[in-house]
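Colleague: Pasting the sequence and the predicted model now:
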Amino acid sequence: MGHIQITPSILNSDFARLGEEVARIPGADWVHVDVMDNHFVPNLTFGPAMVEALARVSPVPLDAHLMIEDADRNALAYVEAGCGSVTFHVEAAKAPVRLAREIRSAGARASMALKPATPIEPYEDLLPELDMLLIMTVEPGFGGQKFLDLCLPKIRRARALMDKHGVETWLQVDGGVSLETVERCAEAGADVFVAGSAVYSAQDPDAMVAALRAKAEAARS
Ligand SMILES: O=C(CO)[C@H](O)[C@H](O)COP(=O)(O)O
Ligand SMILES: [Fe+2]
């Protein structure tokens, strides 16, 4: 299992002041950027030009979470925009192995996401192709939703499969992660934690990043 990483999502931050919003979380490991196209999910955020502008000013690397149809054709634009990690949804990719290899060859970490109802088992053999697996803990589309406990067994099963294959793949959780739920995720085997509303609704977002990290680390030991 990798070291604990905290990845705030800017989805519920102030979109009119994104540069200032990312400057409020210097203690984060990554900034999580939720790209939504109003087709794969019923919500619309931003595209490569906006992400490229954010990459230029962010104090930490960008972790793009692409909730978009036709990931095969659109994912590389986010590597070119300067993201250090690019996550596509397996439900939106026609050729996930080829896409993961393309993302890696273009110079970013390749990551694949699973919606809550998508099982990990059919994708076991893909794990060596991935730098990170994202297990969604809400239905994708909106920030501020309630954490789905029904996803915890899948996190445990994914961690067991990673151990079985001896891979270094990081295991990210995204959706409803807060001081109340981060320990459950860490105990189940997650090592990368996305937190949107928990971080940006806090008085001091960087202190919330530190608090989430401390809880996840304590849960693991
Ligand atoms: O991918 C997402 C939603 O589809 C977001 O990253 C996620 O919901 C973060 O927000 P919160 O921590 O408020 O749930
Ligand atoms: Fe996300």
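Modeller: Ah, there it is. Ligands and ions are numbered 1, 2, ... in the order given.
Colleague: so who does the residue of the chain found nearest ligand 2 touch?
Modeller: Taking CB to the ion, ligand 2 has its nearest neighbour within the chain at His65, 3.7 Å off. Just so you know, the C-beta spots here come from the backbone N, C-alpha and C atoms, and that holds for glycine as well. Going by CB atoms under 8 Å, 6 or more residues apart in numbering, His65 touches Ser9, His32, Val33, Asp34, Val35, Thr87, Ala113, Leu134, Asp174, Val194.
Colleague: any chance you could read off phi and psi for it?
Modeller: Here the main-chain torsion angles of His65 (degrees, to the nearest 10) amount to phi -110, psi 100.
Colleague: mind checking how far it is from ligand 1?
Modeller: Relative to ligand 1, His65 is positioned 5 Å away (criterion: CB to the nearest ligand atom, to the nearest Å).
Colleague: cool, and Gln172?
Modeller: For Gln172, the distance to ligand 1 - CB to the nearest ligand atom - is 10 Å.
Colleague: Can you tell me the SS state at that residue?
Modeller: strand (DSSP: H, G, I helix; E, B strand; the rest coil).
Colleague: which residues touch the residue in the chain positioned nearest to ligand 1?
Modeller: In the chain, the residue found nearest to ligand 1 is Gly196; the distance is 2.7 Å by CB to the nearest ligand atom. Gly196 makes contacts with Pro8, Ser9, Ile10, Leu11, Asn12, His32, Asp34, Gly143, Gly144, as judged by CB under 8 Å, 6+ apart.
Colleague: List the buried residues for the helix ranked longest in the chain?
Modeller: Longest helix of the chain, by residue count under DSSP state H: helix 205-220. Burial within helix 205-220, assessed by neighbour count using 16 or more other CB atoms under 10 Å, is assigned to Pro205, Asp206, Met208, Val209, Ala211, Leu212, Arg213, Lys215, Ala216, Ala219.
Colleague: go on, stretch 122-129?
Modeller: Tyr123, Leu126, Leu127, Glu129.
Colleague: okay, those in TSV with distance to Glu69 and pLDDT next?
Modeller: Shown next, in TSV, are the buried residues of stretch 122-129 (distance: CB to CB, whole Å; pLDDT from 0 to 100):
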residue	distance to Glu69	pLDDT
Tyr123	19	98
Leu126	20	98
Leu127	24	98
Glu129	22	98
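Colleague: Please produce TSV containing the residues you listed, extended by secondary structure and distance to ligand 1.
Modeller: Below are those laid out as TSV (DSSP: H, G, I helix; E, B strand; the rest coil; distance: CB to the nearest ligand atom, whole Å):
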residue	secondary structure	distance to ligand 1
Tyr123	helix	19
Leu126	helix	21
Leu127	helix	21
Glu129	helix	22
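Colleague: Closest to Gly189 out of those?
Modeller: Leu127 (13.3 Å; CB to CB).
Colleague: Look up how far Phe15 lies from that closest one.
Modeller: To Phe15, Leu127 is 35 Å away according to CB to CB, to the nearest Å.
Colleague: And Val177, by the same measure?
Modeller: Taken as CB to CB, the span from Val177 to Phe15 is 21 Å.
Colleague: Could you check which of those two has the larger neighbour count?
Modeller: Ranked by neighbour count (other CB atoms under 10 Å), Val177 and Phe15 place Val177 first, with 28 against 12.
Colleague: List the backbone torsions phi and psi for the more buried one.
Modeller: On the backbone of Val177 - angles per degrees, to the nearest 10 - the values are phi -80, psi 130.
Colleague: so it sits right up against Ile135, yeah?
Modeller: No. The pair Val177 / Ile135 is not scored as a contact, 11.2 Å apart, by CB atoms under 8 Å.
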